[in-house]
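Colleague: Here you go, sequence then predicted model.
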Amino acid sequence: LANPERITHIITEELDTIFDAVTTNKTDYFREAEHFIHLTERIIPARLSKRQATGRSSMFKVWSAAASTGAEAYTAAMVLADRESRRGAFEWRILGTDINRKVLSEAKRAVYSDAVIQPVPAAFRERFLLRGQGAQKGNWRVVPDLRRRVNFQKLNLMDTHYPVDHDLDVIFLRNVLIYFSEADQARVIAQLASHLAPQGHLIVGHAEGMVVRHPSLRQVGPAVYCKE
């Protein structure tokens, strides 16, 4: 008789292979840069000020919910590390998730070509990227301190449960919702909202601003929403 666990394993492997082949994985450093300006100038200061006012010293948590090869997550890491160096240390961590195993492997490796890192400002490139030598000439790797604070794992946004904390400060889900049906968009947005802390922020793609309609989310910027 067939082993049910073996059959389940085979089906899962086949589905993963399909997802790896068909998912869209477009990402860039500092893509839709206005969002990172908003993160730097408004979200981070407000969230840290609230912590100071209440005496809390909890972790600042960011989730890149469609992380692809990691450029979005590492861009956020550069922004947070820069803020930390200029205004004082604070604890922060970033989670990056994706359904595609291949891109997650690339994200964990954190090696990018000259062309990919072109949008990174020169000052950030000096501080947060290591230039490849020898066989790695023409490539750059994210510095160990940032890699230690960014974790990647597999997650399907179509799942009914996300194994992710429910007190996140920021969730990025950009340029993904446009590929979902209206019903799936509403369900995913509701799930994401449940993982935000009060006054946490959901950031979607500029083309997706009209997609976000949830009673607990108020628009506070272009494609930026705050949880009431």
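Modeller: Right, received. Where do you want to start?

Colleague: now the strands for this structure?
Modeller: In the chain, the segments counted as strands under DSSP state E are 60-64, 92-98, 111-113, 129-131, 139-142, 150-154, 168-173, 196-204, 217-221, 224-227.

Colleague: Going along the chain, name the helices of this structure.
Modeller: Residue ranges of the helices in the chain, as given by DSSP state H, are 4-22, 34-38, 44-54, 71-87, 101-109, 122-128, 144-148, 182-194.

Colleague: Could you say which of those helices is packed most deeply?
Modeller: Per-stretch averages of neighbours, counted by mean count of other CB atoms under 10 Å, single out helix 71-87 among the helices of the chain, with a mean of 20. (C-beta placed from N, C-alpha, C; glycine too.)

Colleague: any idea how far residue 75 is from residue 30?
Modeller: Distance, residue 75 to residue 30, by CB to CB, to the nearest Å: 5 Å.

Colleague: what's the answer for residue 107, then?
Modeller: Using CB to CB, residue 107 is found at 16 Å from residue 30.

Colleague: my read: residue 164 touches residue 94, true?
Modeller: No - using CB atoms under 8 Å, residue 164 is not in contact with residue 94, being 12.0 Å away.

Colleague: who does residue 142 bridge with?
Modeller: Beta-bridge partners for residue 142, by DSSP bridges, are residue 129.

Colleague: Out of the strands of the chain, which one sits most buried?
Modeller: Most buried of the strands of the chain, by mean neighbour count (mean count of other CB under 10 Å): strand 60-64, with a mean of 25.

Colleague: What lies in contact with that one?
Modeller: With CB atoms under 8 Å, 6 or more residues apart in numbering as the contact definition, strand 60-64 has outside contacts at 44, 47-48, 70, 72-73, 76, 80, 90-97, 164-165, 167-172, 195.
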